[in-house]
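> Need a 3D model of the sequence below.
(2 chains, ligands or ions: 2)
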Amino acid sequence: MNIIVCVKQVPATNEVKMNKETNTIIREGIEAIINPFDTYAVEEGVRIKEKTEGKATVLSMGIPSVAELLKETIAVGIDDAVLLSDRAFAGADSLATSYALSMGIKHIGEYDLIICGKQAIDGDTAQVGPGLAEKLGIPHTTYVRKIEELRDGYIRCQRMTEDGYEVIEMPLPAVITVVKEINEPRLPSLKGKMRAKKTEVKVWTSDDIGADKAFCGLKGSPTQVVKTFVPVHDIQNEMIEGEPAEQAATLAKKLLSMQFAISIGEEN
Amino acid sequence: MASIKIINDKCVGCRLCVSACPFGAIEMNDDRKAVILDNCTLCGICVPSCNFNAIDFQKEEVSNAVDTTLYKGVWIFAEQKKDEPESIAYELLGVGRTLADDRNTSLTAVLMGKSLDEAGKKLISQGADKVMIVEDDSLAHYNDESYTDIFVQLIEQNKPEIILIGATTYGRSLAPRIASRINTGLTADCTKLEIDPEDGKLLQTRPAFGGNLMATIICPNHRPQMATVRHKVMKEMEPDESRKGEIIKPEVNIPKDLKINVKDVVATITEKVSLTEADIIVSGGRGMGDPKNFILIKELADILGGAVGASRAAVDAEWIEYNHQVGQTGQTVGPKVYFACGISGAIQHLAGMSSSDTIIAINKNPEAPIFKVAKLGIVGDVMEILPLLIKEFKTALG
Ligand SMILES: Cc1cc2nc3c(=O)[nH]c(=O)nc-3n(C[C@H](O)[C@H](O)[C@H](O)COP(=O)(O)OP(=O)(O)OC[C@H]3O[C@@H](n4cnc5c(N)ncnc54)[C@H](O)[C@@H]3O)c2cc1C
Ligand SMILES: Nc1ncnc2c1ncn2[C@@H]1O[C@H](COP(=O)(O)O)[C@@H](O)[C@H]1O
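Ligands and ions are numbered 1, 2, ... in the order given. Reported below is the predicted structural model:
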């Protein structure tokens, strides 16, 4: 079975720090990583290709330096890596990203299953997976936590919902986006690392994949960011002092006197 | 192609643009001139930050713009379960009402399901001018394929100006599928929506980078302007039975022979209140020390009629199921009261709960970052405080 895994480069947010004076994000020295959700997508892709003796390819759209990052996926078992990189792709919103990735996938050619992460941790949109499926004209399911059955032309999987899960059947090719629960990503093997060193990441431009520039990058993006700002949480922080019993009593009293108190204890 | 460059003669090396860039794509070179790096996304935010007009930004008309004057009306998607609207539908009506009034237009709820007249009336009593109902046995439960197909037919027939959809599991799957089919913009997980008083455009504000940064986004040349909206942020209107509205049952083709089949729906969360719906959430972290101690979290949640949450550390230790995880890789919640018990307040956890109205932190380490976002804090041992707190509430609430 041919699997394509879409991975995105994101800044490692656990390192995001704010500059209190200018109210901006301090970015110096922030490392670029593979979007954490995409590592589960990669692992699932590798597992499927091992089971079905197929091929797993990663696909990313980003700046040239992403190529190095993609090699990490080779080290954990991905066969082939493709990077879509071109100034024409710059400034893409989720619609333009979906379009570019769909053209990249068509250029790769053969595919049964496309796996995306649930969402990227920089923009947190979760829109590219479904948007991409639509551009390819194939079905999709989001928030997949388990693949129950996978065979030629058929997938049955569990989609996580707010209060449990649902079991979805679809014909292949299809797109799924996966949550953390689906697997435990493996660490790179020594052999994998060696292979990663030798593997050449394919870098394609918009012309290479026959993409219409009108639908790419800033030009193909209907949304525009007009302003960014750092949220101010002006919280009146109050520490409750005293012996544990006093602390608990004060806290309970404060809560019960607050406005929402009416709903406390209600069964909804 | 659009382009951006620094005019070196004008750049004084003040670094204001470096700070303004949300993508870290501007640096200073050895001559103390700003340089724009490869990872620039051409967002243009740096341009007004420069007091010396040293940034030359050549924008280019977006392709495939539409005649925006042809589009009218505000729509919301009313999610339902068992033909009963979900609370997100009422929240969307609440904010949709304001937007429709500001635009001098009508507010329509789109409702799909099996038998919906009662649901339609409820939506009218909480703000809808019109409810567009599509009924069929096959629509009883949400299906990405049929819901997208029907929604797009309705959009093409009526050309709404704004569409709001809940940022729920289904909403975040449906909205991008629709937007991609009709080639319009979609802003994810908005926490604030307003009409620009000058040009009538929808200003869509949302958190990014795990809530560290807010971004305001517009969709100037495409219609409809689409947004998904975070649950529990927008206020519902008071129901008013005397409100008048119209129920419409439009002619649409109900898609048959669907590719996607929802074979089974399984509820695994047995708690009475779901995490995303709860007004009160009691969450436990690694500081709970032990899976058995999590009973205290459940007990407090039960007494308060709230739901149980957890940090990733508690989930990874398998003290509780993943569905309970709050944070960047778990669920985003915004209850009235959030108890963080033995949770340090790592940035990824804050990303999922910092919009809660009142945060209460119990932690034995006074330096724990959770205290920075907490309205009420107790420095102490959860194993000591929680049983006492449970006792207090038991006495007070009977
Ligand atoms: C990509 C990525 C995504 C992530 N996503 C999430 C996410 O979605 N949600 C999430 O929660 N985390 C997430 N994390 C993990 C996050 O960085 C933290 O590791 C995690 O939130 C820590 O959980 P904790 O606060 O329970 O544990 P700790 O950080 O270990 O904190 C335990 C706290 O309990 C206190 N404590 C200990 N004993 C007691 C006691 N007896 N009484 C009172 N207090 C006590 C300690 O002082 C400490 O502050 C993510 C990390 C990464 C890298
Ligand atoms: N530039 C990109 N290149 C490759 N895959 C991407 C890109 N952007 C998003 N994706 C995929 O789409 C998922 C959702 O991303 P997002 O919609 O940005 O939250 C990610 O987890 C990736 O699998």
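> What parts of the stretch 101-250 of chain A come near ligand 1?
Residues of the stretch 101-250 of chain A lying close to ligand 1 by C-beta under 6 Å from any ligand atom: none are found. C-beta: built from backbone N, CA, C; applies to glycine.
> Point me to the residue of the stretch 101-250 of chain A nearest ligand 2.
A:Gly117 (2.6 Å; C-beta to the nearest ligand atom).
> Tell me, how many residues neighbour that residue?
Neighbourhood size, A:Gly117 [other C-beta atoms under 10 Å in any protein chain shown]: 27.
> Quickly list what it is bridged to.
A:Gly117 has these beta-bridge partners by DSSP bridges: A:Val178.
> which ones are touching the most centrally placed residue in chain B?
For chain B, the residue sitting closest to the mean C-alpha position, by C-alpha atoms, centre = their mean, is B:Arg230 at 2.1 Å. Taking C-beta atoms under 8 Å, 6 or more residues apart in numbering or on different chains, we find B:Arg230 in contact with B:167, B:189-191, B:206, B:332, B:334, B:355.
> out of those residues, which one sits closest to chain A?
Nearest to chain A, judged by C-beta to the nearest C-beta, of the contacts of B:Arg230 is B:Asp189 at 6.5 Å.
> My guess is A:Thr141 contacts B:Asp144. True?
Yes: here A:Thr141 reaches B:Asp144: they are 7.2 Å apart, a contact under C-beta atoms under 8 Å.
> overlap in contacts of these two?
In terms of C-beta under 8 Å, 6+ apart, A:Thr141 and B:Asp144 are both contacted by the residues B:173, B:260.
> one step back: in a markdown table, list the contacts of B:Arg230 along with distance to B:Asn8, secondary structure and neighbour count.
Output for these, formatted as a markdown table (distance: C-beta to C-beta, whole Å; DSSP: H, G, I helix; E, B strand; the rest coil; neighbours: other C-beta atoms under 10 Å in any protein chain shown):
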| residue | distance to B:Asn8 | secondary structure | neighbour count |
| --- | --- | --- | --- |
| B:Ala167 | 44 | coil | 25 |
| B:Asp189 | 40 | strand | 25 |
| B:Cys190 | 39 | strand | 23 |
| B:Thr191 | 40 | coil | 19 |
| B:Arg206 | 35 | strand | 25 |
| B:Thr332 | 44 | coil | 23 |
| B:Gly334 | 47 | coil | 20 |
| B:Ser355 | 43 | coil | 21 |
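> on that earlier part again, what sits against the residue of the stretch 101-250 of chain A closest to ligand 2?
Applying C-beta under 8 Å, 6+ apart, the residues contacting A:Gly117 are A:6-8, A:35-41, A:129, A:177-178.
> Out of those residues, give me the one that has the most neighbours.
Neighbour-wise, those (other C-beta under 10 Å) top out at A:Gly129, 33 neighbours.
> now the residue of the stretch 101-250 of chain A closest to ligand 2: how far from B:Leu202?
28 Å (C-beta to C-beta, to the nearest Å).
> Over to B:Leu164?
For B:Leu164, the distance to B:Leu202 (C-beta to C-beta) stands at 9 Å.
> I'd say A:Pro211 and A:Tyr99 touch.
Heads up, residue A:211 is Ala, not Pro. Yes: contact criterion C-beta under 8 Å: A:Ala211 and A:Tyr99 qualify, at 7.1 Å.
> What residues are bridge-paired with B:Ile362?
B:Cys341, B:Ile378.
> domain ranges for the chain?
Using chain A here. A:2-215, A:236-268 (automatic domain parsing).
> that's the wrong chain, I meant chain B
According to automatic domain parsing, the ranges for chain B are B:3-58, B:68-248, B:280-397.
> a markdown table for the ones you listed, including mean pLDDT and distance to A:Glu148?
Shown next, in a markdown table, are the domains of chain B (pLDDT from 0 to 100; distance: least, C-beta to C-beta, whole Å):
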| stretch | mean pLDDT | distance to A:Glu148 |
| --- | --- | --- |
| domain B:3-58 | 88 | 39 |
| domain B:68-248 | 95 | 18 |
| domain B:280-397 | 92 | 17 |
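> mind putting the ones you listed in JSON lines, distance to A:Ile147 included?
Shown next, in JSON lines, are those (distance: least, C-beta to C-beta, whole Å):
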{"stretch": "domain B:3-58", "distance to A:Ile147": "34"}
{"stretch": "domain B:68-248", "distance to A:Ile147": "17"}
{"stretch": "domain B:280-397", "distance to A:Ile147": "17"}
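> among those, which is nearest ligand 1?
Closest among the domains of chain B, using C-beta to the nearest ligand atom: domain B:280-397, at 2.2 Å.
> Briefly note if the closest one comes near ligand 2.
No: looking at domain B:280-397 against ligand 2 by C-beta under 6 Å from any ligand atom, there are no contacts, and the closest approach is 11.7 Å.
> end-to-end on that domain?
15 Å (C-alpha to C-alpha, to the nearest Å).
> How about stretch B:80-91?
End-to-end distance for stretch B:80-91: 13 Å, by C-alpha to C-alpha.
> Would you pull up how far that stretch lies from the middle of the chain?
16 Å (C-alpha atoms, centre = their mean, to the nearest Å).
> And the contacts of it?
Under C-beta under 8 Å, 6+ apart, the answer for stretch B:80-91 is B:76-79, B:109, B:111-116, B:118-119, B:122-123, B:126-127, B:140, B:166, B:168, B:171, B:229, B:231-237, B:277.
> Likewise for stretch B:318-330?
Here stretch B:318-330 makes contact (C-beta under 8 Å, 6+ apart) with A:13, A:36-37, A:121, A:124, A:145, A:160, A:163-164, A:179-181, B:210, B:268-269, B:275, B:281, B:283-284, B:288, B:290-291, B:294, B:308-312, B:314-315, B:331-333, B:346, B:348-353.
> let's see 6 Å
Applying C-beta atoms under 6 Å, 6 or more residues apart in numbering or on different chains, the external contacts of stretch B:318-330 come out as A:180-181, B:210, B:269, B:283, B:291, B:294, B:308-310, B:312, B:314-315, B:333, B:348-349, B:351-353.
> Restricted to helices, list the residues you listed.
Judged by DSSP state H, the contacts of stretch B:318-330 include B:294, B:312, B:314-315, B:348-349, B:351-353 as members of helices.
> farthest-separated two in these?
B:Phe294 and B:Ala351 (22.5 Å; C-beta to C-beta).
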